[in-house]
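Student: Quick one, structure for this:
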Amino acid sequence: MLPLKPCRMKCLEKFMEEDRQKCFAEYWAIGNHDNRGRYISSLITISKPKTHRVVEENVKLREIVCKYEIIIQGNNQAICRECFRRTFGETIGFTERVTSKKKESFSGIIAPDGRGKFAPANKTKMEDLQSAESHILSFPSYESHYCRNRNSKRFLSSDLNISKMYDLYKDCTKNLVSLKIYSRCFHELDLEFKKPKQDTCHKCDVLKMKIITLAGVDRDSAIQERDTHHKAAEESYEAKRHDKEMAQKDDRKAVLAFDLQQCLPTPYLTTSISFYKRQLWTFNLTVHNLVTNEATCFMWNATTSGRGANQIGSCLYQFILQFPDHVEEITFYSDSCGGQNKNSSFVFFCY
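Tutor: Prediction:
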């Protein structure tokens, strides 16, 4: 609420600040825009001017005279227009709209506010939005190989981007939505573009974010946990180096490290028509002999088989059949992928 200024009606002397404050608080407690408009309208009296000044030609005469009042303890008291606005904290535009509506009304009851009740003329039609979504969904999408158990996102080919998709959308649709709306539809569908990524340790990533965001005892605890985790990782690497050295000295032992490469789309094409096709997945399991420093790749596609524990075990079984008879002990090193090697099926294979 703004303080009053000196005026011709001497409002500053007539009204106490405490009374104005109560009027202001009760008025804004109404909350609703239409209710506030109706209350302001009830305090404005519109009449025709009784006299006119003699003015020059082509000068528009005043059509109405407005009188303003406020109610204090049941008594209506006249107040000037500026002090009226300052008491209720309303703008010039608001009071002028209320006055104009009351003037145009036959009974003096103002019409409710019409803003936001009608759809804008340039609003995108629902069928156009559905057409854009249908086009986006026409591109094959895939679950993440690494984190499908933690989120529901689906990924499109890394060769795509929203600009390329929108260019293809323009070629096959007449009633186009804008690039901004097309991009918004894409993100609302919980899609992303699959980027080439390297395996990272999930626990390391979580602890790193905790150290960045936390403070005090929680941060110290996260640092200690990270150090313990790194120490365990170093012990694993040291165990692998030790096993490698032992195998190099003893030909009865062998040490293998294996991992499945990210799925390879086949054929690898960047032409526009390939974006709409579900490409064939090719799998590549690489087995590295740490003693001889040689790598062997096992490749197959989705029409042959999947990429679970049975397939990984079959490839490793074929690989170890190549070892001579004097090899008695084989040590395997791999990541902790539950679907491929960290499961009971693979453990039974090892036994």
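
Student: wait, what's in contact with Thr45?
Tutor: Residues near Thr45 by C-beta atoms under 8 Å, 6 or more residues apart in numbering: Cys66, Lys67, Tyr68, Glu69. C-beta here means a position set from N, CA and C on the backbone, and glycine is covered the same way.

Student: what would those look like in TSV with neighbour count, secondary structure and pLDDT?
Tutor: Formatted as TSV, the contacts of Thr45 follow (neighbours: other C-beta atoms under 10 Å; DSSP: H, G, I helix; E, B strand; the rest coil; pLDDT from 0 to 100):
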residue	neighbour count	secondary structure	pLDDT
Cys66	15	strand	87
Lys67	14	strand	89
Tyr68	23	strand	89
Glu69	15	strand	89
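
Student: Is Lys60 in a helix, a strand, or coil?
Tutor: Classification of Lys60 using DSSP: H, G, I helix; E, B strand; the rest coil returns coil.

Student: Tell me how many other residues surround it.
Tutor: Residues lying near Lys60 (other C-beta atoms under 10 Å) number 6.

Student: again, but for Phe349
Tutor: Neighbours of Phe349 (other C-beta under 10 Å): 15.

Student: who's in contact with the residue nearest to Met299 when sequence neighbours are not counted?
Tutor: Closest residue to Met299 apart from its sequence neighbours, by C-beta to C-beta, 6 or more residues apart in numbering: Asn284 at 5.0 Å. With contact taken as C-beta under 8 Å, 6+ apart, Asn284 is in contact with Leu260, Gln261, Leu264, Cys297, Phe298, Met299.

Student: what's the closest of the residues you listed to Met126?
Tutor: Using C-beta to C-beta, Leu264 is the member of the contacts of Asn284 that lies nearest Met126, at 39.5 Å.

Student: is it true that that closest one touches Leu285?
Tutor: No: counting by C-beta atoms under 8 Å, Leu264 does not reach Leu285; the two are 12.0 Å apart.

Student: helix/strand/coil for Ile330?
Tutor: What three-state DSSP gives for Ile330 is strand.

Student: Run a quick neighbour tally on it.
Tutor: 15.

Student: partner residues bridging it?
Tutor: For Ile330, the beta-bridge partners under DSSP bridges are Ala254.

Student: Quick check: it touching Leu256?
Tutor: Yes: look at Ile330 against Leu256 with C-beta under 8 Å: they come within range, at 6.4 Å.

Student: Now list whatever residues contact both of these two.
Tutor: In contact with both Ile330 and Leu256: no residue, using C-beta under 8 Å, 6+ apart.

Student: which sections of the stretch 101-250 of the chain are below the confidence cut-off?
Tutor: Filtered on pLDDT under 70, the stretch 101-250 of the chain yields the residue ranges 143-152, 195-200.

Student: circling back to that earlier point, which pLDDT value does the model give the residue nearest to Met299?
Tutor: Note on Asn284: pLDDT of 90.

Student: Just the element for it, please.
Tutor: If you go by DSSP states H and E, Asn284 is part of strand 280-289.

Student: So for that strand, what gets flagged as buried?
Tutor: Applying a neighbour-count criterion of 16 or more other C-beta atoms under 10 Å, one finds Trp281, Thr282, Phe283, Leu285, Val287, Asn289 buried in strand 280-289.
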